[in-house]
Every structure is written in structure tokens, then in C-alpha cells.
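Undergrad: only the shape, not the letters, is given here:
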């Protein structure tokens, strides 16, 4: 069974510390450090610790209209190249304080890239990396998130103005053959 107690909120922290909700918010979010005294800051931090307070990222994302999360639609872990790309995206996004939601797909299982994109869009991600896109032109027009196409073959019918990141295979092959 999951925890049955009420999750402490910012107002609970403020009341225990004897400060306003705004002051507690500034302390918890580490804003306006120079405007809040050390004793007040310590009271808020102690109250938050005593209550087991953790910021509600869902509430924060609704307020800021940004989720600090991105989606990654990629082929199921089929080879080391895909795994390395996923690992790289995770590291870069973690360093930027973003959470990554992974939507792996396999063409054989019927879960399409468009379904994955729709699923991530419903979760209000701030952007999506779409790895090896298939039929980009069939994506629904009501996807309200930025999509970056990753490793898209030139032959694909990509919409004009689409943002893409590609591997330069031709130059890589030329460089590789120079070692022969």
C-alpha cells in the first residue's frame, strides 16, 4: 500500500516556520538569497526537513507552463548505436536539469512513432527527440511541442523547416577509408 498520509505542501512549511508562503517559496526555490535573512532561511529549511517536504514538480510545471522534461522516441534497444545515443541524450538532459521520458517503439508491435509522440505531448513535455523518424508527414497537426528529428535519412519526405540533427555518414566513410 502506498503512503496514506497527506503530503506536506508549501503552506505547511510556511506555517511551521512562521513565515509567509512567498518567503517559504523563495527559500525552497533558492531565489532572492540576499533578501531573506539567514535565520529565516534556516527556519524554513528546518521546517521543510521536519515535514519531509518535497517540491511538487507537477504544480510547478503547471504554473510555469514548462515541465522540465523532454521525450525521446527511439527504436527499442536494438543495437549499441541506439543505446549510445539514448545514453548521450540522458546525460545532456540530466546536466541541463531535465527529465527524459523514453518511448521505445518496434515497428512489429504496432506502437507507432505517432502514437508515442501523441503520448508525450499529452504529458506536456517541453520537446521531443524523434530518433529515426518514419512517416513524419503523418503526424497530427495538434502536437504542441517542439520536435527535433534525429538521424533522419535525406530520402525521407521531411516537412520544410523541420529541425534535424543528422550523422554525416558520407564524411565518416571517406575518413574511414583514408586509413586503409
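TA: It's in. Since we're looking at a predicted model, the values are computed, not measured.

Undergrad: and the lowest-mean-pLDDT helix or strand in the chain, what's buried?
TA: The weakest-scoring helix or strand in the chain, judged by mean pLDDT, DSSP states H and E, is helix 57-64 (a mean of 75). Buried residues in helix 57-64, counted by 16 or more other C-beta atoms under 10 Å: residue 61. Where you see a C-beta, it was placed from the backbone N, CA and C, and this is true even at glycine.

Undergrad: now do stretch 33-48
TA: So for stretch 33-48, counting by 16+ other C-beta under 10 Å, buried means 36, 40, 41, 43, 44, 45, 47, 48.

Undergrad: what does stretch 83-103 give?
TA: 85, 86, 89, 93, 98, 100, 101, 103.

Undergrad: make TSV out of those and add distance to residue 123, pLDDT and secondary structure.
TA: Compiled in TSV, the buried residues of stretch 83-103 are given as follows (distance: C-beta to C-beta, whole Å; pLDDT from 0 to 100; DSSP: H, G, I helix; E, B strand; the rest coil):
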residue	distance to residue 123	pLDDT	secondary structure
85	21	83	helix
86	18	85	helix
89	17	88	helix
93	15	91	helix
98	13	90	coil
100	12	92	strand
101	6	89	strand
103	10	86	strand
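
Undergrad: so residue 23: helix, strand or coil?
TA: Put simply, residue 23 is helix when judged by DSSP: H, G, I helix; E, B strand; the rest coil.

Undergrad: picking that back up, closest to residue 131 out of the buried residues of stretch 83-103?
TA: residue 85 (6.5 Å; C-beta to C-beta).

Undergrad: which ones are touching that closest one?
TA: 74, 131, 150, 151 (C-beta atoms under 8 Å, 6 or more residues apart in numbering).
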